[in-house]
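Asker: need a 3D model of the following:
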Amino acid sequence: MALLEYKCPNCGGAIRFDPGTQELTCPYCASVMNIEALRAAEEALRQKPESDIDWGYEGSEWQEGERQGMAAYVCKSCGGEIIGDETMGATSCPFCGNPVVISSKFAGMLKPDVVIPFKLGKKDALQALEKHYLGKKLLPKVFKDRNHLDEVKGVYVPFWLFNAEADVSCEYEGTKIRHWSDSNYNYTETSVFRIYREGNIGFNEVPVDGSKAIDDTLMESIEPYHMEDATDFQTAFLAGYLANKYDVDSSQSILRANERIKNSSQAAFASTVTGYASVTPRYADIRLKSGGVRYALLPVWLLSTSFEGKNFIFAMNGQTGKFAGDLPLDKAAYKSWFLKIFGIAAAALLVISQIVASLM
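Answerer: Residues are numbered from 1 along each chain as shown. All right, here's what the predicted structure looks like:
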């Protein structure tokens, strides 16, 4: 396996991509390098032949199924072994911290068309997590103290970006209600209308998560991404971050893309039906056409925490800072809150019954 490493040309230290400056920086000598300037060096490193040295070790062979889903790599800086799953595209050595790109993991797969570089760093992710705690009245009070932050990692997540046009035809039932009264009666008139909407709507860069390892709902919760910041893919952007190759290809993502486009189409057309007391959808015919797809790597900060034996995963959009994730529930506080609300409701009901009884 070939490992693509980025070294500082001035001091030899490991360099990494800085989302603040959008450049490659060296934490040891403070050198700053332009990504374009490293292209030639990157190509030369890729063409460097692998060592064919034979140490003569004859060990036992892997048995069938023993290494399924597992991949092992050796860091060329310190010799430490890196273990990961087969979808891992870039990582850092756990022993010396050197950022490396596992270039061979992209071999035989489609090359990403575009990448959105990280705009926000690890400190931003930690601050967002602290802010996420605020105002959560049913969050256990000891959560911050006992909670153990297991991992904070920047990950380039594979996405398929779908473009499509939709021909939409919808029908709704709407009602309008009119009230009036005279000296004898109160009147209510309900008018029922059939409402039709028909037209065409276009969608650009609808994202669908291409990794089985990451929850789709969590990824959709931190959307949108601003695709105007997307740039042509270069492996230099991966330095210092993790990256997964896709394990759900574009053809497997079509159903999810169609579902998202159709739901958005229905929501867009329904939003035009206004001025009614109630609106009930009756029929929707959505036909997609003019489709296209691109492969992109999008920046995500993943934070893993543990509390009372359970794991909680949070995600932050590495471009916009949008944050999402579930928090634990303080069962005692919830029970107290429920009983308090129930008690208030019971007391109010008692007062009303007493008033009614006094009037009878």
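Asker: alpha carbons only for contacts and neighbour counts from here, please
Answerer: Noted.
Asker: domains in this structure, by residue range?
Answerer: 4-51+67-108, 122-232+240-329, 331-360 (automatic domain parsing).
Asker: what's the neighbour count on residue 24?
Answerer: 23 (other CA atoms under 10 Å).
Asker: which non-adjacent residue is nearest it?
Answerer: residue 17 (4.4 Å; CA to CA, 6 or more residues apart in numbering).
Asker: surely the one you found touches residue 26?
Answerer: No: here residue 17 does not reach residue 26: they are 9.1 Å apart, not a contact under CA atoms under 8 Å.
Asker: one step back: helix, strand or coil: sort out the residue nearest to residue 24 for me.
Answerer: strand (DSSP: H, G, I helix; E, B strand; the rest coil).
Asker: okay, strands next: where are they in the stretch 151-300 of the chain?
Answerer: 186-209, 231-232, 242-244, 278-307 (DSSP state E, counting those that start in this stretch).
Asker: can you put those in TSV and add mean neighbour count, distance to residue 119 and mean pLDDT?
Answerer: Converted to TSV, those look like this (neighbours: other CA atoms under 10 Å; distance: least, CA to CA, whole Å; pLDDT from 0 to 100):
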stretch	mean neighbour count	distance to residue 119	mean pLDDT
strand 186-209	15	19	93
strand 231-232	12	13	92
strand 242-244	23	15	79
strand 278-307	18	8	88
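Asker: mind putting those strands into JSON lines with distance to residue 223?
Answerer: Output for these, formatted as JSON lines (distance: least, CA to CA, whole Å):
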{"stretch": "strand 186-209", "distance to residue 223": "9"}
{"stretch": "strand 231-232", "distance to residue 223": "18"}
{"stretch": "strand 242-244", "distance to residue 223": "19"}
{"stretch": "strand 278-307", "distance to residue 223": "10"}
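Asker: and residue 252, which of the ones you listed is closest to it?
Answerer: strand 186-209 (10.2 Å; CA to CA).
Asker: please name every helix or strand in contact with that closest one.
Answerer: strand 148-181, helix 216-221, helix 250-270 (3 or more CA pairs under 8 Å, 6 or more residues apart in numbering; DSSP states H and E).
Asker: quick one: the longest one to strand 186-209, angle?
Answerer: Computed with axes from the mean of the first three to the mean of the last three CA atoms, to 10 degrees, the direction of strand 148-181 lies at 150 degrees from that of strand 186-209.
Asker: that older thread, and of the strands of the stretch 151-300 of the chain, who's closest to residue 251?
Answerer: Across the strands of the stretch 151-300 of the chain, closest to residue 251 is strand 278-307 (CA to CA), at 9.9 Å.
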